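Novice: sequence and predicted structure below; questions after.
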Amino acid sequence: MNFVWFGLLVAFIAIEAGTVSMVSAWFALGALAALITELTGAPVGFQVFAFLAVSAVALAMLRPIAKKHFNPRITRTNVDALAGRTCLCVTAIDNLASQGQVKLGDVEWSARSTNGEPIPAGTQVKIDRVEGVKVYVTPIMAEVK
């Protein structure tokens, strides 16, 4: 049976070497644990248990660390980059009447209020999200002095 665990160990390492993110390292650790238990004379049932247990523990412990260090920070681009930006409401926003527009740079967007409250024209707003061709906005309250 040791050739099976050794073959799985080599296969999982080869798969890991051929990918750009960690996908099978935990299974390689499980196969190594099963191989070690097999070499100590443990029954097949215990070998399978060792494989599954070590793989599960390694996955649970190492996956968050791997995601943190191997996944680059995703830079929002295009429409996704609009969230959080401020713009000017050029046409009063009224969700019930399905009307309203904001101007961001030289582009006018159809707009809706995130909380459903009307927003008068001339109000500075913050873009919360983009859905299709509409931006959902929240008014920016002026500081009270």
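Specialist: All right, it came through fine.
Novice: ok, which stretches of this structure are helices?
Specialist: 2-17, 25-39, 44-70 (DSSP state H).
Novice: ok, the closest residue to G116 other than its chain neighbours - how many residues close by?
Specialist: Nearest non-adjacent residue to G116, counting by Cβ to Cβ, 6 or more residues apart in numbering: N95, 5.3 Å away. Bear in mind the C-beta positions are built from the backbone N, C-alpha and C, glycine included. Neighbourhood size, N95 [other Cβ atoms under 10 Å]: 17.
Novice: cool, L8 as well?
Specialist: 19.
Novice: now for the closest residue to it other than its chain neighbours: which residues touch it?
Specialist: Distance criterion Cβ to Cβ, 6+ apart; nearest residue to L8, sequence neighbours excluded, is A31 at 4.2 Å. Applying Cβ atoms under 8 Å, 6 or more residues apart in numbering, one finds that A31 lies in contact with W5, F6, L8, L9, F12, F51.
Novice: M61: neighbour count?
Specialist: Quick note: M61 (other Cβ under 10 Å) scores 11 neighbours.
Novice: phi, psi for the residue of the chain most remote from its centre please.
Specialist: Distance from the centre of the chain peaks at G41, with 43.4 Å (Cα atoms, centre = their mean). Torsion angles at G41 (phi, psi; degrees, to the nearest 10) stand at phi 90, psi 20.
Novice: surely V125 and Q101 touch.
Specialist: No: counting by Cβ atoms under 8 Å, V125 sits too far from Q101 to count as a contact (10.9 Å).
Novice: and these two? Which one has more around it.
Specialist: V125 (24 against 18).
Novice: name the nearest residue to the more buried one, sequence neighbours excluded.
Specialist: Nearest to V125 is V137, by Cβ to Cβ, 6+ apart, at 3.9 Å.
Novice: identify the bridge partners of the one you found.
Specialist: The partner list for V137 in beta bridges (DSSP bridges) reads S113, I127.
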